[in-house]
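Colleague: The following block contains a protein sequence and its predicted model.
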Amino acid sequence: MNESFGYPYPTYIPSKTTNGCVAGVVSISLIAWFIQSCQTRFQPTRISVLLLVSHMTIFIELIVRATVPAEKQNSRTVFAITNMLFAIGQRMIIVGNFAFVMEIHHKKSRFILLSAMLCVITSGVLMVPANMLAFKPENISTSYLFRELSASVLLIGTVVFYPVWYWSRTIHDMNSKALVLMCVSSIMCLTVGIFNLLQSLQEFYTTINHHEGWFFGFQMVPIIFAHFTWSACHPKRSLTTNSGYEKETQREGLAIGEHFPENTI
């Protein structure tokens, strides 16, 4: 098999200009998220860290795609790094959705979050044999099977968010920014999850990986849109006075107005 143009590599060469420009756009949301998280002393901790990691991994992936020479783009090392970075960035948002909803009512948070983390970890583990077997021509069919299983598990976890959100009975405790945040973020994750599943199918894999537009249109753009929504509706704005976050800060003797000034980013 020609390592440069065979499965599992894409058949296109990433555009350095496009990836560099998009990385610059991502950096805006990354900086905004970091500044606002510093202002709130990284509270709530789980959400702050999850979204910071998601921003950073997507930013680094784009930088790698923009800086690695064209002749080295389709190598095992670069392929593994870029796929791992995107997978982490995507999964952190999925877990962040669950964490945000559970932040409203702390009593139900541990089991739900552990289940969400188990789902994304299982999906990631299944990708290990999928990528290892992809470089052995006689095992390509098995590689596709693991790839499909991984994408299916992740999509199930993404879809399960909606009944969990309904079951948590937190909708009425959310302000308008929180509702917008959860709707946009979950829909963007669902879009990427469905696309990942289609991409994992053998009959679609080659076609989708033939042009970089598919990657940006149905993977990168939804993730970036979710990032900007998280930054615009940061928990300091979207968690209401009835939420667990502000109750926690009150118990620590911190004034809400001191940590959530209206004129901050």
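Modeller: Sure, I can see it.
Colleague: for the stretch 101-250 of the chain, which spans come out with low pLDDT?
Modeller: Judged by pLDDT under 70, the stretch 101-250 of the chain has its weakly predicted residues at 106-109, 240-250.
Colleague: now do 50
Modeller: Applying pLDDT under 50 to the predicted model, the residue ranges of the stretch 101-250 of the chain that meet it are 241-246, 249.
Colleague: do you know how far Ile28 is from Lys136?
Modeller: Shown here: Ile28 relative to Lys136, a distance of 42 Å by C-beta to C-beta, to the nearest Å. (C-beta placed from N, C-alpha, C; glycine too.)
Colleague: per-residue confidence for the spatially most central residue of the chain?
Modeller: Relative to the mean C-alpha position of the chain, the nearest C-alpha, by C-alpha atoms, centre = their mean, is the one of Gln90, at 2.1 Å. We note a pLDDT of 98 for Gln90 in this prediction.
Colleague: can you give me the mean pLDDT across stretch 12-29?
Modeller: In the prediction, stretch 12-29 has an average pLDDT of 96.
Colleague: Number the chain from 104, please
Modeller: Let's use 104 as the start, then, which means that last one is stretch 115-132.
Colleague: Off-centre distance for that stretch?
Modeller: Using C-alpha atoms, centre = their mean, to the nearest Å, the distance from the centre of stretch 115-132 to the centre of the chain it belongs to is 17 Å.
Colleague: same check, this time on stretch 134-144
Modeller: Centre-to-centre, stretch 134-144 and its host chain are 19 Å apart (C-alpha atoms, centre = their mean).
Colleague: and what of stretch 295-307?
Modeller: 17 Å.
Colleague: and that stretch, which residues are buried?
Modeller: Applying a neighbour-count criterion of 16 or more other C-beta atoms under 10 Å, the buried positions in stretch 295-307 are 295-296, 298-303.
Colleague: Contacts for that stretch, please.
Modeller: Stretch 295-307 has contacts (C-beta atoms under 8 Å, 6 or more residues apart in numbering) with 193, 244, 247, 250-251, 253-255, 257-258, 261-262, 308, 311-312, 317, 321-322, 325-326.
Colleague: Narrow the residues you listed to those that are buried.
Modeller: Of the members of those, the ones counted as buried by neighbours, 16+ other C-beta under 10 Å, are 193, 247, 250-251, 253-255, 257-258, 261, 308, 311-312, 317, 321-322, 325-326.
Colleague: now, which of those lie within helices?
Modeller: Counting by DSSP state H, the members of those that fall within helices are 193, 247, 250-251, 253-255, 257-258, 261, 308, 311, 317, 325-326.
Colleague: Nearest to Gly127 among the residues you listed?
Modeller: Out of those, the one with the shortest distance to Gly127 is Ile326. That distance is 15.5 Å, counting by C-beta to C-beta.
Colleague: Can you pick out the most distant pair from the buried residues of stretch 295-307?
Modeller: The farthest-apart pair in the buried residues of stretch 295-307, when distances are taken by C-beta to C-beta, is Val295 and Ser303, at 12.4 Å.
Colleague: does Tyr110 sit in a helix, a strand or a coil?
Modeller: Reducing the assignment at Tyr110 to three states with DSSP: H, G, I helix; E, B strand; the rest coil gives coil.
Colleague: ok, it touching Thr309?
Modeller: Yes - with contact defined as C-beta atoms under 8 Å, Tyr110 and Thr309 form a contacting pair (7.3 Å).
Colleague: These two: which has the busier surroundings?
Modeller: Applying other C-beta atoms under 10 Å to Tyr110 and Thr309 shows that Tyr110 carries more neighbours, namely 17 against 12.
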